[in-house]
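**Student:** Please find the sequence and the predicted model below.
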Amino acid sequence: MAGPPATETPTTLSGATPGASHGTASAFSAARFDAAYLHNPEPAYPQASRRRGEEGQVVLRVRVLASGRAGEVEIAESSRYPRLDHAARQAVAEWRFEPAHRGDVPVDSWLRVPAVFRLEEG
């Protein structure tokens, strides 16, 4: 996930935590947010944050439902700027995800999603 177009660099998935085990030996594949076909928009970089030179990384903890929607979005690591945290959380809450799978069955799981807000120099 990234911030404003042309001023942020998307960061790769930092890790996924599978949902509770159901005691099956089926293979588990983690949820994903970075597949191009999902068309997830970057968070908007708040204008007040741009003016103040605020930059940082927000790490969100997202409960990805079996449907591919975000069920819950929590701040796992703050950027230290509430405006940036809010912008990231608001954008990711609307994203589509590739849900985790246990075998061929989509399941709910938790996923960590980083968002980097970096102002471009020049």
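**Tutor:** Done, it's in.

**Student:** Where is the longest helix in this protein?
**Tutor:** Ranked by residue count and defined by DSSP state H, the top helix of the chain is helix 82-93.

**Student:** and that helix, how far out from the chain's middle?
**Tutor:** 10 Å (Cα atoms, centre = their mean, to the nearest Å).

**Student:** Name the residues of that helix that are buried.
**Tutor:** 83-89, 91-92 (16 or more other Cβ atoms under 10 Å). C-beta: built from backbone N, CA, C; applies to glycine.

**Student:** What of stretch 97-116?
**Tutor:** For stretch 97-116, burial by neighbour count (16+ other Cβ under 10 Å) applies to 97-102, 106-116.

**Student:** Over to stretch 27-40?
**Tutor:** Neighbour-count burial for stretch 27-40 flags 29-33, 40 (criterion: 16+ other Cβ under 10 Å).

**Student:** cool, and stretch 56-67?
**Tutor:** 56-60, 62-66.

**Student:** where are the low-confidence patches of this structure?
**Tutor:** 1-25, 122 (pLDDT under 70).

**Student:** which of the buried residues of stretch 27-40 lies closest to Arg51?
**Tutor:** Within the buried residues of stretch 27-40, the smallest distance to Arg51 is 26.2 Å, found for Asn40 (Cβ to Cβ).

**Student:** Spatially nearest residue to the closest one (excluding sequence neighbours)?
**Tutor:** Closest residue to Asn40 apart from its sequence neighbours, by Cβ to Cβ, 6 or more residues apart in numbering: Trp95 at 4.3 Å.
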